[in-house]
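Enquirer: here's a sequence, model it:
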Amino acid sequence: MSLWTGLYGDEGILPVRLQMPKVQRPLLEQESLLGLGPSLGLAPQQVLELTCLVGVALALCAVLLEPLRDSLIYFCLRVLYLSLYNVGGDFLHSEWDVLLLEAGLLAVLVAPLGLLRRHSSYRHHDPVSFWLTRWLFFRLTFCTGVSKLASGDPAWYDLSALSHHLENQMNPTPLAWYVHQLPDWLLRFGAVVVLQSEIIVPLVTFFAPIRRLRLFGFYVQLFLQLCYILTGNCSLLNLLSITLCFSLLDDDHFNSNTGPKKKKGQEKKPGSCGQTLVSYLMLLVELAVYLFILYCFISLFKLQINWEEKTLSSKTNFTQTGFHAFLEVFQELTLWIGVLSFTWEAVSAMLTCVCTRGIVSKLWSLIQWALITAAAAAVFALSVVPYTSMAGMSVSKVLPAVRDAYSAVERYQLVGAYGIQHRMTSAEGRPEIILEGSYDGLTWTEMNPMYKPGNVNAVPPIVGPHQPRLEWLMWQTAQGGDDTSPWFTGLLQRLLQGKPEVIGLLQVDEAQYPFSQKAPVFIKAKLYNYHFTDPTKDKTHLQAWWRRQYKREFFPIVNLDDPTLKKLLEEAGLKGKFPAQTGSDTPVSQALSLIRDHVKGLSGSLLLSTLLATLAGIFLLKAVFSWVLGGPKPRPASADHKTRKPKEPSETAEKSQAAAPSNRGGKKDSNEKKDSDRSPRKRK
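Expert: I've put the predicted structure just below:
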């Protein structure tokens, strides 16, 4: 909450009251729920805080209480986040925000609807909605890998990108420093693995009809995301990617070890000759896919092993022109694979609904299937537009009606484009903006933020899964070199004014902020290039994690009365023409003020880590109590199961005892029948 106050509060960098439309609009035309503030008697900042608190409360309830994992709850969460996104400006317009909004839409389609639970416990349309999740994961992974080469980044073509990426990424961890010290040939091979995992593996495994291939794709992507987390902090993008990974799994993967073990004499009977032939054919196809991936490793990147030096050499065996030719071919191919795979899932789900027992159940299942399939087809068609907009692809082949529909609903962020924000991997080092303050204009002191490189002796921080928005935007601005951004001008103004909300974004500990007692009179910004230290070369910097080199002045010396600063503030609309609105003294505003005072002075990383630790503790206590009380109780059968259940176990036992003969043979037959009734059903 303190984070949002520092960014969008009345005394923040970009006050949300200045982002709101000055003319009151009707309810249905509102782009954000924050426009309802006047009707509720609340100021824009208070509505912003209330939106965040309601979203956190709903998310916690959905995590802890299974009945609340409902489509309506996820729909409300998406509306709340979309309201923040539409007024968030630069701080919220990132790739992971777009991914969260699209994943939130899919959660509405995947989650059960509580209003329908009383009518039916079956969801035969689940494969259709889960397919959309897999399609989203494919677009995210494939477009991310393609953008690296389609942008013409020379660091990826000479396979040196991984070495530069470790120090150029947003929030490197201490482990990234150690990985950076690995031999050059090993880091080049790591770049090959990244490109193969993001381009070739998704093409041949994500939509494969063979289960083991999808499992292979799952573990490859999971390993890749874990590597990103260990070397670059756990971010929202990594967590969402891991969540989407599970769309490659099926129920058998989770239920394979939960069923009762088979007894002797219940071994699986050998299948027919046709089934054996099909299994061998699938095995051959699977081996062919693995050989194809290995061939791509060796052929496309010229992998050669030097047995004498025990090294591995690699070099790209294709040009940028050849890669664009590859994209032109596989653009249509991936779309047709998606169409065929979606059609297969939709038809299979329809046949399952048709085979449902009972006319009412069959009709109800078909209605649900039709609604979900229509919604899924619409989302898939809309996703084709941003998918074909990545570098190297053409949007001309998309139907005009689909493009018009996408333009009409684009503001709702139903689908997103991924991979288009790829930046060139610079070999010159990591550019960083260093702010300096002074009282007299002669003696300057650096203001080092908590979550980005500043002091060369400071250990790279562990901040995940918190995503520091200010440091992220400073990192992006340093790479782009734009010193006229409205948010940067607002940051300088608030630091010169000494606003505690903004200072808390840089440093929570007042002892670490050199101007905690009195705001600086002058501020300037310099641009440095940072590199990880190399112990073999930088022997004079053995205690330092970074070495840096001055590049240029990023922003000139300014004070509050400087005409340049006033002009930039006026151009950005931040000069205070619209004074802060004070909401009425209601119980809601009093509660918001109380919560704001309690979280003041706490970092976002600490708040989020405490929240996640509390959730983990609750789940651990539930597991312990469940184990102490003898395990979870079996769920009661649904109405549909009760109607199909022939007889109660007690009635069956009484009839079998009454009808059983007194000899041993009758007891043996009865026991065999009970054993067969207890055997688990197998999925076909």
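Enquirer: report how many residues lie close to residue 333.
Expert: When counting by other CB atoms under 10 Å, one arrives at 11 neighbours for residue 333. From N, CA and C alone the C-beta is placed, and that goes for glycine too.
Enquirer: quick check: next helix or strand after the helix or strand hosting it?
Expert: Secondary structure from DSSP states H and E places residue 333 in helix 320-354. The C-terminal neighbour of helix 320-354 among helices and strands, as given by DSSP H and E, is helix 359-387.
Enquirer: for that next one, packing partners?
Expert: helix 95-110, helix 126-150, helix 320-354, helix 400-409 (3 or more CB pairs under 8 Å, 6 or more residues apart in numbering; DSSP states H and E).
Enquirer: please point out which parts of that helix sit buried.
Expert: 361, 364-366, 368-369, 372-373, 375-377, 379-387 (16 or more other CB atoms under 10 Å).
Enquirer: equivalent analysis for stretch 505-523, please.
Expert: 505-508, 513, 515, 519-520, 522-523.
Enquirer: among the residues you listed, which ones are in helices?
Expert: 505-506 (DSSP state H).
Enquirer: check the buried residues of stretch 505-523 and tell me the two furthest apart.
Expert: 508 and 522 (24.3 Å; CB to CB).
Enquirer: which of the helices or strands spans the residue nearest the centre of the chain?
Expert: What sits nearest the mean C-alpha location of the chain, by CA atoms, centre = their mean, is residue 240, with 2.4 Å. Using DSSP H and E, residue 240 maps to helix 236-245.
Enquirer: how long is stretch 152-170 from one end to the other?
Expert: 21 Å (CA to CA, to the nearest Å).
Enquirer: tell me how far that stretch lies from the chain's centre.
Expert: Remark: stretch 152-170 is offset 22 Å from the chain centroid, using CA atoms, centre = their mean, to the nearest Å.
Enquirer: pull the residues that contact that stretch.
Expert: Identification of contacts with stretch 152-170 by CB atoms under 8 Å, 6 or more residues apart in numbering yields 148-149, 172, 176-177, 179-180, 184, 187-188, 190-192, 194-195, 231-233, 235, 301, 314-316, 320, 422, 424-427, 429-430, 471-472, 475, 530-532.
Enquirer: could you dump the helices and strands packed on helix 359-387 into CSV with distance to residue 545 and mean pLDDT added?
Expert: What follows is these, written out as CSV (distance: least, CB to CB, whole Å; pLDDT from 0 to 100):
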stretch, distance to residue 545, mean pLDDT
helix 95-110, 26, 94
helix 126-150, 27, 93
helix 320-354, 35, 90
helix 400-409, 46, 90
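Enquirer: nearest to residue 64, of these?
Expert: Short answer: helix 95-110, nearest of those by CB to CB, at 16.7 Å.
Enquirer: any idea of the angle the closest one forms with helix 236-245?
Expert: 30 degrees (axes from the mean of the first three to the mean of the last three CA atoms, to 10 degrees).
Enquirer: now do helix 95-110 against helix 126-150, angle only.
Expert: 160 degrees.
Enquirer: which elements pack onto helix 95-110?
Expert: Using 3+ CB pairs under 8 Å, 6+ apart: helix 95-110 touches helix 71-88, helix 126-150, helix 236-245, helix 359-387.
Enquirer: 6 Å instead, please
Expert: Other helices and strands packing on helix 95-110, by 3 or more CB pairs under 6 Å, 6 or more residues apart in numbering; DSSP states H and E, are helix 71-88, helix 126-150, helix 236-245.
Enquirer: gap between it and the chain center?
Expert: For helix 95-110, the distance to the chain centre is 9 Å (CA atoms, centre = their mean).
Enquirer: got the contact list for it?
Expert: Helix 95-110 has contacts (CB atoms under 6 Å, 6 or more residues apart in numbering) with 71, 74-75, 78, 85, 129, 132-133, 236-237, 240, 413-416, 421.
Enquirer: how distant is stretch 99-113 from the center of its chain?
Expert: 13 Å.
Enquirer: poorly predicted segments of the stretch 1-150 of the chain, please.
Expert: 1-3, 21-29, 115-122 (pLDDT under 70).
Enquirer: run the last query once more with 50
Expert: 119 (pLDDT under 50).
Enquirer: quick check: domain ranges of the protein?
Expert: 94-412, 430-575+595-606 (the TED database).
Enquirer: distance of residue 471 relative to residue 7?
Expert: To residue 7, residue 471 is 12 Å away according to CB to CB, to the nearest Å.
Enquirer: which strand in this structure has the most residues?
Expert: Taking DSSP state E as the criterion, the chain has its longest strand at strand 546-558.
Enquirer: who touches stretch 511-523?
Expert: Counting by CB under 6 Å, 6+ apart, 437-439, 441, 445, 492, 496, 498, 507, 510, 557, 559 sit against stretch 511-523.
Enquirer: from those residues, which land in helices?
Expert: Going by DSSP H, the helices hold 492, 496 from these.
Enquirer: which of the contacts of stretch 511-523 count as buried?
Expert: Buried among these by 16+ other CB under 10 Å: 437-438, 492, 496, 507.
Enquirer: show me which of these is closest to residue 207.
Expert: residue 507 (48.4 Å).
Enquirer: ok, residue 206 to residue 338 distance?
Expert: From residue 206 to residue 338 the distance is 10 Å (CB to CB).
Enquirer: and those two? Which one has more around it.
Expert: More neighbours surround residue 206 than the other of residue 206 and residue 338, with 24 against 21 (other CB under 10 Å).
Enquirer: adding distance to residue 627, write the domains of the chain out as TSV.
Expert: As requested, the domains of the chain are exported to TSV (distance: least, CB to CB, whole Å):
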stretch	distance to residue 627
domain 94-412	16
domain 430-575+595-606	28
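Enquirer: related to what we said a few turns ago, go through the helices and strands packed on helix 359-387 and pick out the most buried.
Expert: Burial of the helices and strands packed on helix 359-387 is given as mean neighbour count (mean count of other CB atoms under 10 Å); helix 126-150 ranks first at a mean of 23.
Enquirer: now it against helix 320-354, angle please.
Expert: Going by the same axes, to 10 degrees, helix 126-150 makes 180 degrees with helix 320-354.
Enquirer: after helix 126-150 comes which helix or strand?
Expert: helix 154-157.
Enquirer: could I get the CA-only coordinates of that following helix as PDB?
Expert: Extracted in PDB, the C-alpha atoms of helix 154-157 (Å, rounded to 0.1, in the frame of the first residue of the first chain):
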ATOM      1  CA  PRO A 154      24.300  -9.500 -32.600                       C
ATOM      2  CA  ALA A 155      24.900 -10.900 -29.000                       C
ATOM      3  CA  TRP A 156      22.500 -13.800 -29.700                       C
ATOM      4  CA  TYR A 157      23.900 -14.500 -33.100                       C
END
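Enquirer: which one of the domains of the chain lies closest to residue 14?
Expert: Closest among the domains of the chain, once you apply CB to CB, is domain 430-575+595-606, at 5.6 Å.
Enquirer: now that closest one: how far from the chain's centre is it?
Expert: Centroid separation between domain 430-575+595-606 and its chain, computed with CA atoms, centre = their mean, is 27 Å.
Enquirer: need the distance between the two termini of that domain.
Expert: OK, domain 430-575+595-606 end separation, CA to CA: 27 Å.
Enquirer: pLDDT of it, averaged?
Expert: In this model, domain 430-575+595-606 has an average pLDDT of 89.
Enquirer: and which of the buried ones among the contacts of stretch 511-523 is nearest residue 404?
Expert: Closest to residue 404, out of all of those and judged by CB to CB, is residue 492, at 42.9 Å.
Enquirer: that closest one and residue 403: what is the separation?
Expert: 41 Å.
Enquirer: then residue 90?
Expert: Taking CB to CB, one finds residue 90 at 27 Å from residue 403.
Enquirer: ok, residue 277 next?
Expert: From residue 277 to residue 403 the distance is 46 Å (CB to CB).
Enquirer: contact partners of stretch 212-226?
Expert: 197, 201, 205-206, 208, 238, 241-242, 245, 248, 286, 289.
Enquirer: can I get those in TSV with pLDDT and distance to residue 254?
Expert: Listed next are those as TSV, based on pLDDT from 0 to 100; distance: CB to CB, whole Å:
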residue	pLDDT	distance to residue 254
197	96	24
201	95	22
205	93	19
206	93	19
208	90	19
238	93	22
241	95	20
242	95	16
245	95	14
248	93	13
286	94	22
289	94	24
